[in-house]
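Asker: A structural model of the following input is requested.
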Amino acid sequence: MTIPSRLTDYLARHGTQYEVREHRHSGSSAETARRADIPAHKLAKSVIVEDESGCLMVVVPGDKAVALDRIAGLLGRSKLRLANEKRISALFEGCEAGAVPPVGMAWGIETIVDDELAVCDVVYAEAGDHEHVLCMPQRQFQELMKASRHGRFSRSS
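Answerer: Numbering: from 1, shown residues only. From the prediction side, this is the model:
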């Protein structure tokens, strides 16, 4: 599979500078980090959560998990839960299951970003399939995510 055109179009419209790196097929964020030979804490992992108000994307470091209670407090949404794969596949057309890029805005999905990613000099991201990652300097990642809410809502996994 290739990188979704919806993603590349969005990145181009926003003038985002990035590299695409290929790696052997992976089945999880942890495996992506290993196969791409990148530190897991520099991999921006997307997690889709939902409640009766709809879905949102939470972006955390690849070596962390989402603390739903912290997100709920930040957003004032008390019944957040992880979305199921069927729902995620329906939302992110063109992406393989488990390889959704942390750029929910390209699909019209509200995106919130964990502040722990702000300390990375380089940020990597799933590119929509299980064989590619995007690589961009921190300043490019921050510019891309500037309209998103930010906070601390990850925990050790």
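
Asker: Would you mark the buried spots in stretch 111-122?
Answerer: For stretch 111-122, the neighbour count (16 or more other C-beta atoms under 10 Å) marks 111, 112, 113, 114, 117, 120 as buried. In short, each C-beta sits where N, CA and C put it, glycine included.

Asker: show me what contacts residue 33?
Answerer: Residue 33 makes contact with 39, 40, 43, 62, 63, 124, according to C-beta atoms under 8 Å, 6 or more residues apart in numbering.

Asker: Which parts of this protein are strands?
Answerer: With strands called from DSSP state E, the chain shows them at 19-22, 43-51, 54-61, 64-66, 81-82, 111-114, 122-126, 132-137, 149-151, 154-156.

Asker: can you redo the ones you listed as TSV with distance to residue 12 and mean pLDDT?
Answerer: Converted to TSV, the strands of the chain look like this (distance: least, C-beta to C-beta, whole Å; pLDDT from 0 to 100):
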stretch	distance to residue 12	mean pLDDT
strand 19-22	13	95
strand 43-51	19	96
strand 54-61	20	96
strand 64-66	29	95
strand 81-82	31	95
strand 111-114	18	97
strand 122-126	16	96
strand 132-137	13	96
strand 149-151	24	93
strand 154-156	29	91
